[in-house]
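Enquirer: Using only what follows, build the 3D model:
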Amino acid sequence: MSATLLIQPAVEGDGTYTEGREASTQSHGHIKSYVRRAGRMSSAQENYYAEMMPKIGVVYQAQTIDLTAVYGRNAPKILEIGTGMGETTAKIADANRDNDYLGVEVHVPGVGALCKQIAERDLGNLRICQHDAVEVVRDMLPEASLDGVHVFFPDPWHKARHNKRRLIQSPFVALLASRLKPGGYFHCATDWEEYAHQMLEVLSVEPTLVNSSEGFAPRPEYRPLTKFENRGLRLGHGVWDVIFKKR
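Expert: Sure thing, here's the model as predicted:
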């Protein structure tokens with residue numbers, strides 16, 4: 001494992017990403033798809049954050065990294081963007097220990113919660129990068145380095161004037177697709193139907209990707225149901241999965 005990549009990010013920087021911004025389109029510029037939520041970590045989350053991030057935190061840097069060195073082995077590499085409170089991410093990593101997972105999340109309490117899961121489950125195949133996902137993918141991940149990408153329940157930014165903030169937009173999809181190996185998969189899931197159709201449309205026009213299904217895909221077994229998703233399904237709310245593969 002490369003020691004230079006593993007450091008503890010400063011909690012004091014929590015306000016760094018409170019505003020969206022546009023960058024040069026020549027460098028895959030983007031409007032931030034998130035706003036840092038106000039919130040405090042529990043004492044347990046603080047303790048696990050302090051203990052685990054020096055061990056499993058991957059610091060952002062504006063140069064590509066060697067994922068094999070980060071994990072210390074050759075294994076399929078899966079990127080998960082937006083780990084939330086970490087429940088789904090930890091379950092997937094736990095059930096698929098032959099894969100290596102990189103979770104990208106900016107919300108500090110969520111990172112603390114995922115650190116707790118990693119420690120309690122002894123997940124040696126899961127790392128966290130606490131930084132803007134677009135910049136991580138653009139600057140750190142080599143082309144054709146990933147076997148899969150997960151984007152589960154991103155903020156739908158449901159008001160029309162905010163749609164431009166959505167993560168799944170053509171420029172970012174093209175960037176992510178370039179980081180996938182041939183045969184690698186791109187899996188999105190959402191409980192917002194209009195956003196689901198946008199996801200399907202955007203991924204369908206990316207020439208390097210092909211849909212794995214006719215339209216929306218059935219939920220694969222590796223994506224567990226969360227308690228919130230189960231509650232929504234009981235109330236009759238829909239959930240849509242979109243899964244494409246790299247040509």
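
Enquirer: Only C-alpha atoms from now on, for both contacts and neighbour counts.
Expert: OK.

Enquirer: buried ones in the helix or strand bottoming out on mean pLDDT in the chain?
Expert: Sorted by mean pLDDT, DSSP states H and E, the helices and strands of the chain end with helix 227-234, the least confident at a mean of 82. Using 16 or more other C-alpha atoms under 10 Å as the burial criterion, the residues of helix 227-234 that qualify are residue 229.

Enquirer: Who are the packing partners of that helix?
Expert: Helix 227-234 sits against no helix or strand, with contacts defined as 3 or more C-alpha pairs under 8 Å, 6 or more residues apart in numbering; DSSP states H and E.

Enquirer: phi, psi of residue 243?
Expert: phi -130, psi 120 (degrees, to the nearest 10).

Enquirer: what pairs with it across the strands?
Expert: Residues in a beta bridge with residue 243, per DSSP bridges, are residue 187.

Enquirer: Could I get the contacting residues of it?
Expert: 185, 186, 187, 188, 211, 212, 213, 216, 217 (C-alpha atoms under 8 Å, 6 or more residues apart in numbering).

Enquirer: what's the answer for residue 225, then?
Expert: Contacts of residue 225 by C-alpha under 8 Å, 6+ apart are residue 88.

Enquirer: what's the neighbour count on residue 40?
Expert: Neighbourhood size, residue 40 [other C-alpha atoms under 10 Å]: 10.

Enquirer: Is the residue positioned nearest the centre of the chain bridged to anything, and to what?
Expert: Centroid-nearest residue in the chain, with C-alpha atoms, centre = their mean: residue 81, separated by 0.9 Å. For residue 81, the beta-bridge partners are residue 104 (DSSP bridges).
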